[in-house]
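Colleague: Next come a sequence and a model predicted from it.
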Amino acid sequence: MKQFWFVTMVLGIALLLVVPVNAQTEDEIIAKYLKKAESTTKSKTQLGYFYFNGTYGRLKNMNDYNQFAEGLSPLISGINGSYDHIDGIFRSKEFNAGLGYMVSRNMAVSAGLSYWLKMGNTPVGDYDLSAAFPTDTSAHTGFELKSEVQVYGFAADAHYYLVSPPDVNGVLKSLAVKLSVGGGYYFARWSLWENYLGYNLSTGDYEEIGGKLSGSAPGVTVGASFEYPIKLAGLVIEGGARYQYLNFTSMKWYNDQSEETVVVHQGTGDRVKLDFSGPRAQFGLKRYFNW
């Protein structure tokens, strides 16, 4: 009997010594719960951003439009000192805005809209156009010698951060560097002066173009850029360079009979394309947000 009580006492003492060591205090239990809740919250946090930037592009010197302008200008006679030159298009200026989403720590996707400022020129004066178009013998006084192009579209891109991606809260702590590749679809509208004679592909004759020529084309871009926090309303500055391939190969206008009319080069009769491919430099603002 004494042996039983001795064993019981030893087990009780051992239990008293073990339980305090392994048991969690109330503070430890609460801390563990909060840590788990914080981890769960972080794993469910989604990170996005919005952006706005301006882009300045350098186009090919001898693109198809510039060849068209170079071939047509000598055939236009300005009267009384009127400016009689169709300017080439050598630069592009555009604005882009959109939204993005971080699909992983280093990878993001974005989609947005693009709007280009008008390119070309519209001198006003007195002109003789008969050398360019023999059937046009009218006197053009106070005439708008218009040739302007407008481009707009939408694009989607994928971005990979090589250095310093934003954290889960959308905070950029240092200079970030990323590579980008993307594509989009763009639309062009080409306005020419009143009574401009285009080539009717159905009849093989020249006829007046009664509206804007239109066309659309896919575009592809590759580039690299940087981001840097400016500590102002959570904004980030973004700058970089990219190359864009964009060529409108089918600019056209349809008459009332749904016949296609195009602009052709003087002398060759080849259709004029609008190739706006070239390098671009961009600079803008960006802001990350989470939910």
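Modeller: All right, it came through fine.

Colleague: I30 should be in a helix, yeah?
Modeller: Yes: under DSSP: H, G, I helix; E, B strand; the rest coil, I30 falls within a helix.

Colleague: Neighbours of it, how many?
Modeller: 11 (other CB atoms under 10 Å). For glycine as for every other residue, the C-beta is placed from the backbone atoms N, C-alpha and C.

Colleague: do L47 as well
Modeller: Using other CB under 10 Å, L47 has 21 other residues around it.

Colleague: swap in G210?
Modeller: The local packing of G210 (other CB under 10 Å) involves 14 other residues.

Colleague: thinking it is in contact with W253, fair?
Modeller: Yes: here G210 reaches W253: they are 7.3 Å apart, a contact under CB atoms under 8 Å.

Colleague: and N169, helix, strand or coil?
Modeller: Once three-state DSSP is applied, N169 turns out coil.

Colleague: where does it sit relative to G234, distance-wise?
Modeller: 10 Å (CB to CB, to the nearest Å).

Colleague: Also F90?
Modeller: For F90 relative to G234 (CB to CB), the value is 38 Å.

Colleague: before we move on, the earlier item: among N169 and G234, which residue is more densely surrounded?
Modeller: Shown here are N169 and G234; by other CB under 10 Å, G234 has more neighbours (14 against 11).

Colleague: and the more buried one, what is it in contact with?
Modeller: Residues near G234 by CB atoms under 8 Å, 6 or more residues apart in numbering: 170, 287-289.

Colleague: would a markdown table of those with neighbour count, secondary structure and pLDDT be doable?
Modeller: A markdown table is the format used below for those (neighbours: other CB atoms under 10 Å; DSSP: H, G, I helix; E, B strand; the rest coil; pLDDT from 0 to 100):
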| residue | neighbour count | secondary structure | pLDDT |
| --- | --- | --- | --- |
| G170 | 17 | coil | 90 |
| R287 | 14 | strand | 97 |
| Y288 | 23 | strand | 96 |
| F289 | 13 | strand | 94 |
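
Colleague: want to throw the residues you listed into CSV with distance to S277?
Modeller: Formatted as CSV, the contacts of G234 follow (distance: CB to CB, whole Å):
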residue, distance to S277
G170, 35
R287, 31
Y288, 32
F289, 34
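
Colleague: now, the most widely separated pair of those residues?
Modeller: G170 and R287 (8.1 Å; CB to CB).

Colleague: Need the overlap of contacts for those two.
Modeller: 49, 234.

Colleague: Touching, Y245 and P279? I think so.
Modeller: No: applying CB under 8 Å as the test, Y245 and P279 come out as separate, 11.0 Å apart.

Colleague: and the gap between S250 and L213?
Modeller: 10 Å.

Colleague: Kindly report the same for G278.
Modeller: 22 Å.

Colleague: Also L113?
Modeller: For L113, the distance to L213 equals 22 Å [CB to CB].

Colleague: Comparing G278 and L213, which residue is more hemmed in?
Modeller: The neighbour comparison of G278 against L213 (other CB under 10 Å) goes to L213, with 24 against 18.

Colleague: which ones are touching the more buried one?
Modeller: Applying CB under 8 Å, 6+ apart, we find L213 in contact with 189-190, 192, 198, 251-253, 262-263.

Colleague: Against L99, how distant is the closest residue in space to D128 that isn't next to it in sequence?
Modeller: Spatial nearest neighbour of D128, excluding adjacent residues (CB to CB, 6 or more residues apart in numbering): S77 at 4.1 Å. Counting by CB to CB, the gap from S77 to L99 is 52 Å.

Colleague: just the strands in the stretch 1-150 of the chain please.
Modeller: 47-58, 77-79, 91-102, 107-116, 119-121, 124-128, 140-144, 147-163 (DSSP state E, counting those that start in this stretch).

Colleague: JSON lines please, covering the ones you listed and showing distance to F226 and mean pLDDT.
Modeller: Below are those laid out as JSON lines (distance: least, CB to CB, whole Å; pLDDT from 0 to 100):
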{"stretch": "strand 47-58", "distance to F226": "13", "mean pLDDT": "97"}
{"stretch": "strand 77-79", "distance to F226": "48", "mean pLDDT": "91"}
{"stretch": "strand 91-102", "distance to F226": "16", "mean pLDDT": "98"}
{"stretch": "strand 107-116", "distance to F226": "14", "mean pLDDT": "98"}
{"stretch": "strand 119-121", "distance to F226": "28", "mean pLDDT": "96"}
{"stretch": "strand 124-128", "distance to F226": "44", "mean pLDDT": "93"}
{"stretch": "strand 140-144", "distance to F226": "43", "mean pLDDT": "91"}
{"stretch": "strand 147-163", "distance to F226": "9", "mean pLDDT": "98"}
